[in-house]
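K.L.:
here are the coordinates; sequence isn't available:
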């Protein structure tokens, strides 16, 4: 059963208002422009300075193997770090990736799944999935998501079992369905539109199969991401004029969802391509340690670096920058509000609560992915032309280690 909900968007305001009013706390006193300027100056200095003697980090890096890379879609890692799915064949066109009307089907694009063995450390192809197939952006312990554009213009979404490669077509209704994300308890959310339409609605399918549809409201819902810590979902909204927002809501029930809605402004001249850029480096993988702070990591297309948005009970929360030139990040699996942050030149361990004190872990681009594997807490992905080098990282924090390498 589908329940349709309408959300009223206040385009020029800082928040979206749900159809049920919510009591707001009195606004906090605004910080003076001089104080804001000084804090930004301090943060910029600390981010440029980098190393800080208060942070100590030991890490064991282990080369694993190289896998194919289409230079477009990052591979998707299983929570336990035992399998990794990558695109096989030609990279899909931008209109195809973005599920645009009239986009050509990816006739030469499939998926290849590799098995990563721990003892001895080897990698081998487990199986291949034939075209036309697009690699999705979400996974859990049982499988990962794919999309299959159909000859009639529709698009279905399947879940591939990690161990067998069997595909269960979980969304197959003749609509254009894209950008799906998995929840912690079997929920799924995705964007959908009619084949002859341009605007995407947001669909949330609960664990019991009930579905809630949120209408486009004069724009598009794009790239939803379910939290790995709670029932909260994050989703971008793009107006026809280019206003781009990031919204979040608690999906515990349809009523709570409507009254818990919050948002933050991203930019006024956005595009679906910039929304993809914001979301693409941070897939949703359920079942891995995710730190202890509820928030959403994304690439900010205006700040041109990775930020974290931690919504609170007020409308004042704004995304904070992790590191200059950052392109991807993952929370420290041990918690504490720290992050592993990738730049085009290195991987750093960052503590935002200490004015962005950081320490270098690796001296090249290495996109971190957390795992539930105690021996390999992270797997790092370093793209190089048409391959990606995989390395295992097992960090250890202590007070006596030297400040990095």
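P.N.:
Perfect, thanks for sending it. Keep in mind the model is a prediction, meaning the values are calculated, not measured. Numbers count the residues shown, from 1 in each chain.
K.L.:
doesn't residue 188 make contact with residue 205?
P.N.:
Yes: contact criterion C-beta atoms under 8 Å: residue 205 and residue 188 qualify, at 4.9 Å. Yep, even glycine has a C-beta here, placed from its N, CA and C like the rest.
K.L.:
Surely residue 131 is in contact with residue 112?
P.N.:
No: counting by C-beta under 8 Å, residue 112 is not a contact partner of residue 131; they are 11.5 Å apart.
K.L.:
Helices of this protein, start to end?
P.N.:
For the chain, the helices defined by DSSP state H cover 33-49, 94-97, 254-259, 272-279.
K.L.:
Pull up the per-residue confidence for residue 335.
P.N.:
In this model, residue 335 is scored at 80, pLDDT.
K.L.:
hang on, it packs against residue 291?
P.N.:
Yes: judged on C-beta under 8 Å, residue 335 makes contact with residue 291 at a distance of 5.1 Å.
K.L.:
ok, those two, which is more surrounded?
P.N.:
residue 291 (19 against 12; other C-beta atoms under 10 Å).
K.L.:
Give the full set of residues in contact with the closest residue in space to the more buried one that isn't next to it in sequence.
P.N.:
Spatial nearest neighbour of residue 291, excluding adjacent residues (C-beta to C-beta, 6 or more residues apart in numbering): residue 331 at 3.3 Å. Contacts for residue 331 (C-beta atoms under 8 Å, 6 or more residues apart in numbering) come out as 290-291, 293, 297, 338-340, 370.
K.L.:
What residues are bridge-paired with residue 331?
P.N.:
Following DSSP bridges, residue 331 is listed with bridge partners residue 339.
K.L.:
So for the residue lying closest to residue 343 once chain neighbours are set aside, what pLDDT did the model give?
P.N.:
Distance criterion C-beta to C-beta, 6+ apart; nearest residue to residue 343, sequence neighbours excluded, is residue 325 at 4.5 Å. On the pLDDT scale, residue 325 is placed at 94.
K.L.:
so how far is residue 210 from residue 325?
P.N.:
44 Å (C-beta to C-beta, to the nearest Å).
K.L.:
does residue 347 really touch residue 368, like I thought?
P.N.:
Yes: checked against C-beta under 8 Å, the pair residue 347 and residue 368 is within contact range at 6.7 Å.
K.L.:
buried set for stretch 367-380?
P.N.:
Using 16 or more other C-beta atoms under 10 Å as the test for burial, stretch 367-380 gives 367-373, 376-380.
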